[in-house]
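**Q** Sequence and predicted structure are below.
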Amino acid sequence: MIHLNTAGAGLVPAEVRRTMAQVLDREAAHGCYETEEHYSPIVGDEVYRRIARVLDAPAQDVALFDSATRAWCAVVPRLRLGPADRVWVTPYEYAGNLISLFNLRDRTGCRIEVVPTLPGGDLDLDWMAANISDDVALVSVTHIPSGCGIVNPVEEIGRLLAPYRCFYAVDACQSIGQIPVSARRIGCQLLTGAGRKFLRGPRGTAFAYIAPELRAALDTDFHDLHVARVDSPTGYRVDDHSARSLELAERGTAATVGFNTALTLFEEGTPFDHEEVFQALRATVEATPGTELIAPGTRQSGIVSFRHDRVPAEVIRARLAEQRINVWKIVGHHTPIFMAERGVETAVRASVHYYNTLDEIETFGRALHAAVGAGA
């Protein structure tokens, strides 16, 4: 099997599966709360420290969630904004984040503005520099979108925003584990990510870096978002001043301990460079008759999306699956601003990680040619 869908979910390592099985076995033998207490050094401390090292951030500013969207929604809707405030997003914003921002706009009267792009798809940093002012309260940037492989210049944007009062949020779901990510160098106050993608953790694991100044600015009366865990061995109190006070109940012990193992493997692993495999993937798609790359921007990484002029994305995905090759059909409304402007309703997404090889890309290329050659 050739897995070209790490952007959806990475292949979980055997060590992570064994760890989770051990936790579940212990729960069956000793009880769930008792097992959580047994693993409290991991679920209450170690996993936070490991995430903090990956993010280059203080451990007390890290919180755990069961999805990156839930992490985002635990913070952004609680911002105390008003009609005089502007919020900047980019065309590459994920739909789940946009829904939270639209709800925030409807409730507070703030204005949402889309940062323009240059003709090739890069964000217009000159526009940002010319239009930034202290009425911009929040700037939201997706590091690498799920629908295409552009790598947005989050560190450069952070330096541009630093002198101003706005909060800076970065969605790093597709970049963490794939390229270096440092909350300190980015200069953001919120950074969210998922454990299941390029970190190869289990589903149901996610995290956020939430800076102290952002936590201090949140609406403390927004009770419907927060449910404190106070009846379990590792429960937290509402008055906890760390980022953990924003966590939502409830996290499974097996998933959390399994994620800790995945982070351990990531930290101990040899740094990898997937650029050669990624370029081979892109060249393979470009060389396939009838394909159109969805590849904006000058810097790309990890993800290649495309559509065919005759064969629907779902048909291509199904035909490749018959050859034991995993790709995914994406839908335009998941990245609605960027995709809508280009009339993209569906497309095929292929993504690579360190376990993919040039031989696999060659096999994929032959299968893709056959898949589109068979017609619709």
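**A** Ah, there it is. Residues are numbered from 1 along each chain as shown.
**Q** Run through the stretch 101-250 of the chain and note the low-pLDDT ranges.
**A** Within the stretch 101-250 of the chain, the ranges that satisfy pLDDT under 70 run 220-241, 249.
**Q** ranges for the strands of it?
**A** Secondary structure of the stretch 101-250 of the chain (DSSP state E, counting those that start in this stretch): strands at 111-114, 136-142, 167-171, 190-194, 206-210.
**Q** and the first one, what other elements does it pack with?
**A** With contacts defined as 3 or more CB pairs under 8 Å, 6 or more residues apart in numbering; DSSP states H and E, strand 111-114 has these neighbours: strand 86-89, helix 95-108. Bear in mind the C-beta positions are built from the backbone N, C-alpha and C, glycine included.
**Q** Output the first one as PDB - backbone C-alpha positions only.
**A** Backbone C-alpha positions of strand 86-89 (Å, rounded to 0.1, in the frame of the first residue of the first chain) are rendered in PDB as follows:
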ATOM      1  CA  ARG A  86     -10.800  44.700  11.900                       C
ATOM      2  CA  VAL A  87      -9.900  41.000  11.400                       C
ATOM      3  CA  TRP A  88      -7.600  39.900   8.600                       C
ATOM      4  CA  VAL A  89      -7.800  36.500   7.000                       C
END
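**Q** What strands flank that strand, and is each parallel or antiparallel?
**A** Next to strand 86-89 in the sheet, as set by DSSP bridges, lie strand 111-114 (parallel), strand 136-142 (parallel).
**Q** Nearest to residue 19, out of those strands?
**A** strand 136-142 (30.8 Å; CB to CB).
**Q** wait, which of the strands of the stretch 101-250 of the chain is closest to residue 320?
**A** Shortest distance between residue 320 and these, using CB to CB, is found for strand 190-194: 24.1 Å.
**Q** Could you tell me the angle between the closest one and strand 167-171?
**A** Computed by axes from the mean of the first three to the mean of the last three CA atoms, to 10 degrees, the angle separating strand 190-194 from strand 167-171 equals 10 degrees.
**Q** Report all helices and strands that strand 190-194 contacts.
**A** For strand 190-194, the elements it packs on are helix 68-73, strand 167-171, strand 206-210, judged by 3+ CB pairs under 8 Å, 6+ apart.
**Q** Switch these over to CSV; also include distance to residue 52 and mean neighbour count.
**A** Output for the helices and strands packed on strand 190-194, formatted as CSV (distance: least, CB to CB, whole Å; neighbours: other CB atoms under 10 Å):
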stretch, distance to residue 52, mean neighbour count
helix 68-73, 15, 22
strand 167-171, 16, 26
strand 206-210, 8, 28
